[in-house]
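> Sequence first, then the predicted structure:
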Amino acid sequence: MIEVLNSAWKLADLRKKITFTLLMLVVFRIGVHIPVPGIDTQVIADLIAKGQLLGFFDIISGGAFKKFSIFAMSITPYVNASIIMQLLTVVIPYFERLAKEGPEGRKKMSEYVRYGTVILGFVQAVGISFGLRSAVINPGFASTLLIAVSLTAGTAFLMWLGELITEKGIGNGISLIIFAGIVSRLPAGIVSVYEYLVAGTTNIFVVLIFAVVALAVIASIVAVQEGQRRIPVQYAKRVIGRKIYGGQSTHIPLKVNQAGVIPIIFAMSILMFPGTIASWFPNNSVAVWISNFFNFTSIWYNLLYALLIVFFTYFYTAITFNPSDVADNMKKYGGFIPGLRPGRPTAEYITKVANRITLAGAIFLALIAVLPSILMSITKLPLYFGGTGLLIVVGVALDTMKQLESNLLMRHYQGFLK
């Protein structure tokens, strides 16, 4: 691997892309320390300690939310706008047509995503300003507007930074920004574990078990993320003029985890919202009961969490993957699955296979999501990012590695995957 990295670094254009990507990530980390004016950060830190949802925002933003910097909302509005656009392509025919128009259609959809990011970012920023008004030093309309504009501008800058990395660097810029934010918390986690060892709160045996489990989880994430169920497809021969087309064999790659981390984000947002709101009313008996019920260490919370993840995995997969369209496209170009007739029987077979592997992917996501709670209760060690963060980190690392691999293979270098 070191030899491959050396070979990549010797290529002038690839070295330029890697250097540019690293510099842009440095710019992101510098922006994390630029505070929004008019905010008492100590109050924010206390609220994060009480509210799980705010803690999740702090993880995704790489600690920017705790400092309440201009990047406190991170790139979350962009992710939400992208998800909404994906859902709209299924519901609204206009967006469905854009999705099928190739590069021009995707360019137009990207513009709508940018507009949606700014709108969602401003609405979310206003909501945060009102929700965290106890942390505002001088509450008022001017302060709220200043905070909202600062947060929205920070998110818009991150969106531009991410697209710049995608265009001139290596990997997906938006994903790399989230990746950098999550990984930046790792040194603090290592220091915290060391302090636990020095204080005698834990012992080296527990830390070793934790490290082994973490490595096993990472290996399993890689296996599932790369796992596919390949459905064989045969194309009939067609004679057009003097040439013969078709006749080749290929396959439909159905990923085990087609939904990615989206189901976990949906389920986490739904479950953490009641507990976060309840934490703002510590003297209310109903709020105390809600806080206890939605505590992430409780059995009922984790059970409900796992069930929601399974549900959203099927829901999101059903929206983004249409077996009928796949079957129609195969029939249109003379393709068929051996032993099945084109059309409806093919669509039913693909649906059955997709449902089976989606179940495996949903169960895996549920296990990864609840595993941090189990590990924390057993080892008593703090986890600075859980299943969602780990899935994002591993997924982004794999995607970036593949892109670097493709750049190397174009120049006849041996790649990572060999």
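In hand now; what should we look at?
> how near is P372 to A45?
21 Å (CB to CB, to the nearest Å). C-beta coordinates here come from the backbone N, C-alpha and C atoms, glycine included.
> Looking at the two, which one has more neighbours?
P372 (19 against 16; other CB atoms under 10 Å).
> for the stretch 301-418 of the chain, what spans make up the helices?
323-332, 344-379, 387-409 (DSSP state H, counting those that start in this stretch).
> TSV for the ones you listed, including distance to R106 and mean pLDDT?
Below are those laid out as TSV (distance: least, CB to CB, whole Å; pLDDT from 0 to 100):
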stretch	distance to R106	mean pLDDT
helix 323-332	18	84
helix 344-379	25	85
helix 387-409	18	77
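> want to throw those helices into CSV with distance to L87?
Shown next, in CSV, are those (distance: least, CB to CB, whole Å):
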stretch, distance to L87
helix 323-332, 16
helix 344-379, 18
helix 387-409, 20
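> Nearest to S184, out of those?
helix 387-409 (11.1 Å; CB to CB).
> who does that closest one touch, helix- and strand-wise?
Applying 3 or more CB pairs under 8 Å, 6 or more residues apart in numbering; DSSP states H and E, one finds that helix 387-409 contacts helix 2-10, helix 12-31, helix 52-60, helix 173-183, helix 204-226, helix 262-278, helix 344-379.
> For the longest one, name the packing helices and strands.
In this case it means helix 344-379. helix 204-226, strand 228-235, strand 249-255, helix 262-278, helix 299-320, helix 323-332, helix 387-409.
> what's in contact with the first one?
Same thing as helix 204-226. Contacts with helix 204-226, where a contact means CB atoms under 8 Å, 6 or more residues apart in numbering, come from 193, 197, 256-257, 361, 364, 368, 371, 375, 379-381, 390-391, 394-395, 398.
> Could you export that helix as CSV, CA atoms only?
The C-alpha trace of helix 204-226 is given here as CSV (Å, rounded to 0.1, in the frame of the first residue of the first chain):
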residue,chain,number,x,y,z
ILE,A,204,-5.9,-2.6,29.6
PHE,A,205,-7.8,-5.9,29.1
VAL,A,206,-11.1,-4.1,28.6
VAL,A,207,-9.4,-1.6,26.2
LEU,A,208,-7.9,-4.6,24.2
ILE,A,209,-11.3,-6.2,23.9
PHE,A,210,-12.8,-3.0,22.8
ALA,A,211,-10.1,-2.6,20.1
VAL,A,212,-10.7,-6.2,18.8
VAL,A,213,-14.4,-5.6,18.6
ALA,A,214,-13.9,-2.3,16.8
LEU,A,215,-11.6,-4.0,14.2
ALA,A,216,-14.2,-6.8,13.8
VAL,A,217,-17.0,-4.3,13.3
ILE,A,218,-14.9,-2.3,10.7
ALA,A,219,-14.1,-5.5,8.8
SER,A,220,-17.8,-6.5,8.8
ILE,A,221,-18.8,-3.1,7.5
VAL,A,222,-16.4,-3.4,4.7
ALA,A,223,-17.7,-6.8,3.8
VAL,A,224,-21.4,-5.7,3.8
GLN,A,225,-20.7,-2.4,2.0
GLU,A,226,-19.0,-4.3,-0.8
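> Any idea how far that helix is from the middle of the chain?
Counting by CA atoms, centre = their mean, to the nearest Å, helix 204-226 is centred 19 Å from the centre of its parent chain.
> what does the fifth one give?
Taking CA atoms, centre = their mean, one finds the center of helix 299-320 at 16 Å from the center of the full chain.
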